[in-house]
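> Just a sequence and a predicted model for now, questions to come.
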Amino acid sequence: MAKAKLKIGVSSCLLGERVRYNGEHKYNQIVIDLLGDRFEAVPVCPELEMGVPREPVQIVAGNEHLVGVESGKDWTKAMASFNSKKLEEIAQLNLSGFIFKSHSPSCGLRDIPVYNETGLAQVETTAGLFAQVFMKRFPSLPVIDEEALQDKQTREIFIARII
C-alpha cells in the first residue's frame, strides 16, 4: 500500500495557476521539484476572492488595510472574509507546511511595504495579510517562500521540519 503524501499548502500562482491580480501566474520549477512524488500540493490563493484580473493592491497603515493602487478601493473585507473561511478549511486538511509567494501583499512572509494613508510613502514593512493570519493560527507549521527555497540549506531545513 502506498504511503500517504504529506500535504503542503502552496500559493496557487507558484503552481502555474493564473490567479494573480493581472491574470498571470508565477510558475516556479523549484517548488514543483520540491513537491515531487513525496508531497501533495494544496493550492491556496486569497486574491481570487478579490477577483482576477483587477488592479494591484498595497497595504496601507492604520489597521493595515488592503487598498487598490489606482482606485483607492478598500479590499480588506474581501481578504478578511477569505481568511476566516480558508483558515477553517485548512485546519481540517492537516497540512505539514506552506510555501508562500514572496513580495505579495497577501502571501508575502516579510518585507511587504506598508504605505502611509496617502499611499505614497513607505512607512514600514510587514507580512502579507493572509500570511499574517496563517502564521498566527498555525504558529508551529513550517513556512517558507519560493525565494528562500532557492537556497539549498534553507530548503533542506524546511523539508526536515515538514517530515
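Alright, I've got the coordinates.
> Would you mind listing the outside residues contacting stretch 125-140?
Stretch 125-140 is contacted from outside by 44, 46, 59, 64, 66, 76, 79-80, 82-83, 86-87, 90-91, 95, 98, 100, 104-114, 141, 143, using CB atoms under 8 Å, 6 or more residues apart in numbering. Every residue, glycine included, has its C-beta placed from N, CA and C.
> Stretch 76-85 too?
Residues outside stretch 76-85 that contact it (CB under 8 Å, 6+ apart) are 46, 48-50, 63-67, 106, 129-130, 133.
> Of those residues, just the buried ones, PyMOL syntax please.
Buried subset of the contacts of stretch 76-85, written as a PyMOL selection, criterion 16 or more other CB atoms under 10 Å:
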select buried, resi 46+49+50+64+65+66+67+106+129+130+133
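> Farthest-apart pair in the contacts of stretch 76-85, please.
Comparing every pair within the contacts of stretch 76-85 by CB to CB identifies Leu48 and Asn63 as the most remote, at 23.0 Å.
> neighbours around Val52, how many?
One way to gauge burial is a neighbour count; for Val52, by other CB atoms under 10 Å, it gives 16.
> In contact with Leu6, which residues are there?
For Leu6, the residues meeting the contact criterion (CB under 8 Å, 6+ apart) are 38-40, 96-97, 162-163.
> so where do the strands sit in the protein?
For the chain, the strands defined by DSSP state E cover 6-11, 39-44, 57-60, 65-68, 97-100, 112-115, 122-126, 143-145.
> In a markdown table, list those strands along with distance to Gln153.
Below are those laid out as a markdown table (distance: least, CB to CB, whole Å):
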| stretch | distance to Gln153 |
| --- | --- |
| strand 6-11 | 19 |
| strand 39-44 | 19 |
| strand 57-60 | 30 |
| strand 65-68 | 34 |
| strand 97-100 | 17 |
| strand 112-115 | 25 |
| strand 122-126 | 24 |
| strand 143-145 | 12 |
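> ok, and which of these has the densest surroundings?
Highest mean neighbour count among the strands of the chain (mean count of other CB atoms under 10 Å): strand 97-100, with a mean of 25.
> average model confidence for that strand?
Along strand 97-100, the predicted confidence averages to a pLDDT of 98.
> can you give me the helices in the chain?
29-35, 76-93, 129-137, 152-162 (DSSP state H).
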